[in-house]
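>>> compute the structure for the input listed below.
(one chain, ligands or ions: 2)
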Amino acid sequence: APVIQLKGLGKSFDGKQIIAGLDLNVNDGEFLTILGPSGCGKTTVLRLIAGFENADAGQIVIAGKDVTGIPAEQRNVNTVFQSYALFPHMTVFENVAFGLRMQKVAESEIEPRVMEALRMVQLENFAPRKPHQLSGGQQQRVAIARAVVNKPKVLLLDESLSALDYKLRKQMQIELKQLQRKLGITFIFVTHDQEEALSMSDRIIVMRSGNVEQDGSPREIYEEPENLFVARFIGEINVFDAVVKERLDETRVLANVEGRPSMIHCKLAVSPGDKVKVLLRPEDIRLEEINNGDEAQGIIGYIRERTYKGMTLDSVVELETGTSVMVSEFFNEDDPDVDHSLDQKVAVTWVESWEVV
Ligand code: ADP
Ligand code: MG
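Ligands and ions are numbered 1, 2, ... in the order given. As a prediction, this is how the structure comes out:
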């Protein structure tokens, strides 16, 4: 059974509906990420689950128990915020012990449990320090230790890594994921960072204005976005207008894309003449240089911009139809010569594409 069930959850602020009938099941031990732009209602969902806000409508079930209307401290859920808000005058040990003391856990139990939690975040040697003697990443780890020390069923993390600088954030993403696996606690992680969501999650919910736009694995969300919002929110994407010519088989149709007959991936029920949008990631596009007299297969275009990115060479190609296309080519041993000059004539092709009507 799912460890968390949200049923028809609704919440308004000042007469404005922020969450409208949200249904969501979270499985035991799952790392679920709620991903969406700022202001879409992510924090509100977490605060409703935690019990810091009361829902106007719907039901919240945690571990089989209806907790709607029950106070936060009785919900078996802890929260880690972006600003970790440690008590500055207390040692690391006392910060982590605080919740246990509040719960009147026996003194003899406190020491081993605090040290176990600190060991999990690799800070057992920092127990006597004060927060100001720690780096930002270490402080965030203390906040995590404090949140897991009383072994909650569910841990809610609201933009918990967003305040850290790039390198530390990457490292903490891996550590947090490992910790979650080790503890077996269900994590509901909120972020507006698509790369973070893709790399950490078992499952991602993409939210927009309080609604779920897509619910799927990281691969499904990235490779098979269900609509233009999801496609554009998760990474770079090219969108072409196309007209269906004929269905080839269950998953493919022949369509006119930028004036050229092309095979596209399409599972939707479409008929000849229907207009569809074809979505192509920059890394799914191939470029072949055309030099005087070469026979070219593909849509003709010209390199108008090129940006060296280390792992990839990113280009903007202007097609003869006027459309601009973003292309990302990897450097690898099979293709040592990825390097185009400006205004180079190229043929544009692709293997896989995804469509949205
Ligand atoms: P996110 O975390 O995705 O950025 P929030 O859940 O914080 O979004 O906010 C969603 C919307 O609800 C925003 O428009 C915000 O201004 C509004 N909101 C959130 N909390 C309150 C509140 N306590 N009072 C009034 N409006 C709020
Ligand atoms: Mg927020």
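>>> contact partners for Pro282?
Residues near Pro282 by C-beta atoms under 8 Å, 6 or more residues apart in numbering: Glu236, Ile237, Asn238, Asp314, Met326, Val327, Ser328. Placement of C-beta: from N, CA and C, glycine included.
>>> state the helix or strand in which the closest residue to it other than its chain neighbours lies.
Among residues not flanking Pro282 along the chain, Ser328 sits closest, at 3.8 Å (C-beta to C-beta, 6 or more residues apart in numbering). Using DSSP states H and E, Ser328 maps to strand 324-330.
>>> how about whichever helix or strand comes after that strand: buried residues?
Tracing the chain C-terminally past strand 324-330 and defining elements by DSSP H and E, one meets strand 345-350 next. Residues Lys345, Val346, Ala347, Val348, Trp350 are the ones in strand 345-350 that count as buried (16 or more other C-beta atoms under 10 Å).
>>> do stretch 116-130 as well
Buried residues in stretch 116-130, defined by neighbour count with 16+ other C-beta under 10 Å: Ala117, Leu118, Met120, Val121, Leu123, Glu124, Phe126, Ala127, Lys130.
>>> show me the contacts for the fifth one.
For Leu123, the contacting residues are Val92, Gln138, Arg141, Val142, Ala145, by C-beta under 8 Å, 6+ apart.
>>> ok, the second one next?
Taking C-beta under 8 Å, 6+ apart, we find Leu118 in contact with Val92, Phe93, Val96, Glu124, Phe126, Ala127, Val142, Ala145.
>>> repeat the analysis, applying 6 Å as the threshold.
Glu124, Ala127, Ala145 (C-beta atoms under 6 Å, 6 or more residues apart in numbering).
>>> got it, and the first one?
Contacts for Ala117 were tallied using C-beta under 6 Å, 6+ apart; they are Val96, Ala145, Val148, Val149.
>>> partner strands of the strand or helix carrying Tyr302, parallel or antiparallel?
Assigned by DSSP H and E, Tyr302 falls within strand 299-308. Partners of strand 299-308 in the sheet, by DSSP bridges, are strand 312-319 (antiparallel), strand 345-350 (antiparallel).
>>> just send the contacts of Leu118 back as a markdown table, with pLDDT, secondary structure and distance to Asp28 too.
Output for the contacts of Leu118, formatted as a markdown table (pLDDT from 0 to 100; DSSP: H, G, I helix; E, B strand; the rest coil; distance: C-beta to C-beta, whole Å):
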| residue | pLDDT | secondary structure | distance to Asp28 |
| --- | --- | --- | --- |
| Glu124 | 93 | helix | 29 |
| Ala127 | 97 | coil | 31 |
| Ala145 | 93 | helix | 22 |
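>>> how about the closest residue to ligand 1 within the stretch 201-350 of the chain: which residues does it bridge to?
For the stretch 201-350 of the chain, the residue closest to ligand 1 is Met207, as judged by C-beta to the nearest ligand atom, at 7.1 Å. With DSSP bridges applied, Met207 shows beta-bridge pairing to Val212.
>>> can you get me a residue count around it?
24 (other C-beta atoms under 10 Å).
>>> dump the residue contacts of it.
Ile34, Gly36, Cys40.
>>> low pLDDT regions in the stretch 1-150 of the chain?
In the predicted model of the stretch 1-150 of the chain, no residue satisfies pLDDT under 70.
>>> what ranges do the helices span in it?
42-50, 92-102, 107-120, 136-148 (DSSP state H, counting those that start in this stretch).
>>> any weak-confidence spans in the stretch 251-357 of the chain?
Scanning the stretch 251-357 of the chain for pLDDT under 70 picks out 332-338.
>>> in contact with the closest residue to ligand 1 within it, which residues?
Nearest residue of the stretch 251-357 of the chain to ligand 1, counting by C-beta to the nearest ligand atom: Val356, 23.9 Å away. Counting by C-beta under 6 Å, 6+ apart, Val356 touches Asn227, Leu228, Lys277.
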